[in-house]
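In: Sequence first, then the predicted structure:
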Amino acid sequence: MGIKGCEVQLDNPWNTYYAGQTVNGQVKITFDSPKKVRGIIIRFLGEANTEWTEERNVTTSEGKTENEITSLKGHEEYFKIQYYLLGGKNSSEIELPAGTHTYPFTCALPANLPSSFEGEFGHVRYTIKVTLDRPWKFDQDMKMAFTVIAPVDLNLNPRVKEQFKLELEKSFCCFCCRSGPLAVITSIPQTGYVSGQILPITCEVDNTSNVNLTAVKFELRKLVTFHTNQPRSEKRESKVVIAQLSVGPVNAGESHTFSQQMEIPALPPTNLLNCGIIALDYDLHVECDVSGPHRNFTGKIPITLGTIPLASNKPQAEDPSLAPTQPRHHSS
């Protein structure tokens, strides 16, 4: 007999807030019989954690080789707010009758919080914990998570408004004879997008080599770097393919221009600003697959994901040669 239910209701039905906003809500606790408590505590917490284990062989003082497993961790706390909804630390017992009791609460979120994030080796999380402080007995807790989004306005970053051109080129040697180059130029009108937008891709292939281009593959990748600080500083990187498509083939001696579109799915914004142990980036990875024993060649275009889209798509430059480019990659 005792607590029948405890529920935290937020004023946002999606439990999602922008950094700097105020979280309002209420705690509803239902008892099926009278209950004595010292107080009801609510705690708001924002934190980031990273963790993984590493194994290595070490030599003991006796000269033996043993396998040592080390747990590496990183931690940052962004804010912690705690107060009593009812009673207090030094309050006398309060008897609450059976039934449902409602307690409103409010919490102003700091403006410099990083966005919520869940990854392979770490996360950024925001939680609300309600604790029933009971004298002479174990406290009872209820915890829930909510989502924080740090706004990223693409209009404040001039670089993401411009067209980007990736130029890849490779020549092949066959029986001591060097062929003409295989040139692949990939262009996108801008490098800044928000979830739900379309990423247009133009791919120009000029194959003057004697090797067939079997496909050009495009992958939108999420690149995450996790850092630890205890007991030592280490980092791990994670690459996840979010979306992909391909074009081709283009045989030796032929040329072709392809136009494709890739939709940006729902993703957290770039960089996790104000988080020091997790870095988040995106890119468009381009891989040119060729026939025979020759090695494929690759390149990448940086992509910035924001929460506020560009006010308008800037028209492409009249002279494509004036558009900012990545230096040409030469391979052989």
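Out: Looks like it came in fine. As the structure is a computational prediction, the values presented were derived from the model and not from experiment.
In: Across the sheet, point out what pairs with residue 227.
Out: Residue 227 has these beta-bridge partners by DSSP bridges: residue 235.
In: I'd like to know how far it sits from residue 121.
Out: 10 Å (C-beta to C-beta, to the nearest Å). The way it works is simple: take the backbone N, C-alpha and C, and place the C-beta from them, glycine included.
In: Need the residues touching each of those two.
Out: residue 50 (C-beta atoms under 8 Å, 6 or more residues apart in numbering).
In: Which strands border the helix or strand residue 299 falls within, and is each parallel or antiparallel?
Out: Residue 299 is part of strand 297-306, with elements assigned from DSSP states H and E. Sheet pairing for strand 297-306, assigned by DSSP bridges, gives strand 192-194 (parallel), strand 278-290 (antiparallel).
In: would you turn these into TSV with distance to residue 262 and mean neighbour count?
Out: Formatted as TSV, these follow (distance: least, C-beta to C-beta, whole Å; neighbours: other C-beta atoms under 10 Å):
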stretch	distance to residue 262	mean neighbour count
strand 192-194	10	22
strand 278-290	8	20
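In: List the buried residues for stretch 23-38?
Out: Neighbour-count burial for stretch 23-38, counted by 16 or more other C-beta atoms under 10 Å, picks out 23, 25, 27, 29, 31, 35, 37, 38.
In: which one among those gets closest to residue 260?
Out: Nearest to residue 260, judged by C-beta to C-beta, of the buried residues of stretch 23-38 is residue 23 at 41.9 Å.
In: quick one: contacts of the strand or helix carrying the closest one?
Out: Taking DSSP H and E as the criterion, residue 23 maps to strand 22-31. If you take C-beta under 8 Å, 6+ apart as the criterion, strand 22-31 is touched by 2-12, 17, 40, 42, 44, 85, 96-109, 128, 130, 132, 146.
In: following it, which helix or strand comes up?
Out: Sequence order places strand 35-37 as the next helix or strand after strand 22-31, per DSSP H and E.
In: Direction included, what does that next one pair up with?
Out: Here strand 35-37 is paired, per DSSP bridges, with strand 94-96 (antiparallel).
In: in the helix or strand following the partner strand, what's buried?
Out: Using DSSP H and E, the helix or strand that follows strand 94-96 towards the C-terminus is strand 99-108. Neighbour counts over strand 99-108 (16+ other C-beta under 10 Å) mark 101, 105, 107 as buried.
In: Closest one to residue 198 out of these, please.
Out: Of all the buried residues of strand 99-108, residue 107 has the smallest distance to residue 198: 37.5 Å, by C-beta to C-beta.
In: could you flag which of the contacts of strand 22-31 are buried?
Out: Buried residues within the contacts of strand 22-31, counting neighbours by 16+ other C-beta under 10 Å: 6, 8, 10, 17, 40, 42, 44, 85, 96, 101, 105, 107, 109, 128, 130, 132, 146.
In: Just the angle for the helix or strand where the second one lies relative to strand 99-108, thanks.
Out: Using DSSP H and E, residue 8 maps to strand 3-10. Between the direction of strand 3-10 and that of strand 99-108, the angle (axes from the mean of the first three to the mean of the last three C-alpha atoms, to 10 degrees) works out to 30 degrees.
In: could you give the mean pLDDT of strand 3-10?
Out: Across strand 3-10, pLDDT averages out at 88.
In: Next up, the contacts around the residue lying closest to residue 204 once chain neighbours are set aside.
Out: Of all residues not flanking residue 204 in the chain, residue 185 sits nearest, at 4.4 Å (C-beta to C-beta, 6 or more residues apart in numbering). Applying C-beta under 8 Å, 6+ apart, one finds that residue 185 lies in contact with 165, 166, 167, 168, 203, 204, 205.
In: Please identify which of those is nearest to residue 275.
Out: When those are compared against residue 275 (criterion: C-beta to C-beta), the nearest one is residue 166, at 28.9 Å.
In: avg pLDDT for the helix or strand harbouring that closest one?
Out: Here residue 166, judged by DSSP H and E, is contained in strand 164-170. Taken as a whole, strand 164-170 has a mean pLDDT of 96.
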